[in-house]
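In: Next come a sequence and a model predicted from it.
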Amino acid sequence: MKQKLIRNIHRDFGYFYVGLIISFAFSGILMNHRQVWSPEKYTVETKIIQVSLPDKSQISEEFAENLGKKLGIDDKMRRHSIKKETFKISFEKHDVEIDLKTGVGEIVAFKKTPIISQTMKLHKSTSNWWIYYSDIFGISLILIAITGTLMITHGKNTFKKRGWKLAVAGIIFPLIVLVILS
């Protein structure tokens, strides 16, 4: 009876969460590579601009917001920065980059990529209900993992005989990577 209960729990939680597991895995892969490409957005239009900029010391958040309005950008500004003689402004639906010396730059307008941007919200959401649901999902993944280790009780491939070694390796490998990366 115990063996059947473990299999049933493992199967039912697996079936219930299969869609979320696939969505999280897919969006997690995309999030891992978000520095290389912008999976959430795609370019709709690029426009070359020429503007007069004040001295670096006079560029403020207020200046960036006003410049955006002058350039016809009406969405909310996220941030601005100056890096390597380039003035950058990030808006919700536009990015602006301007060379500080020449005043030449470009406005890139983009839209959210359908489906991909929605699945990536799974990793970014901070709403209370989603956090609690994600916690339940995390606990369920632990339960799926534990019941999976208990399903095979006879033979040479049980968790006690072989599986624990692979589980330990699965824990050690990311720890080694974290040590190397830090």
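Out: Alright, I've got the coordinates.
In: if I look at residue 111, how far off is residue 171?
Out: Residue 111 sits 41 Å away from residue 171, going by CB to CB, to the nearest Å. Bear in mind the C-beta positions are built from the backbone N, C-alpha and C, glycine included.
In: more neighbours, the two?
Out: Counted by other CB atoms under 10 Å, residue 111 and residue 171 do not tie: residue 111 has more neighbours, with 13 against 9.
In: Looks to me like that one is in a strand.
Out: Yes: applying DSSP: H, G, I helix; E, B strand; the rest coil, one finds residue 111 inside a strand.
In: Roughly how far does it sit from residue 44?
Out: 5 Å.
In: mind listing the strands for the protein?
Out: In order along the chain, the chain carries the following strands (DSSP state E): 41-50, 77-83, 86-91, 94-99, 104-112.
In: Residue 140 is nearest to which of those strands?
Out: strand 104-112 (29.2 Å; CB to CB).
In: counting contacts, what elements does the closest one pack onto?
Out: strand 41-50, strand 94-99 (3 or more CB pairs under 8 Å, 6 or more residues apart in numbering; DSSP states H and E).
In: got the angle between it and strand 86-91?
Out: Relative orientation of strand 104-112 versus strand 86-91 (axes from the mean of the first three to the mean of the last three CA atoms, to 10 degrees): 30 degrees.
In: Much appreciated, bye for now.
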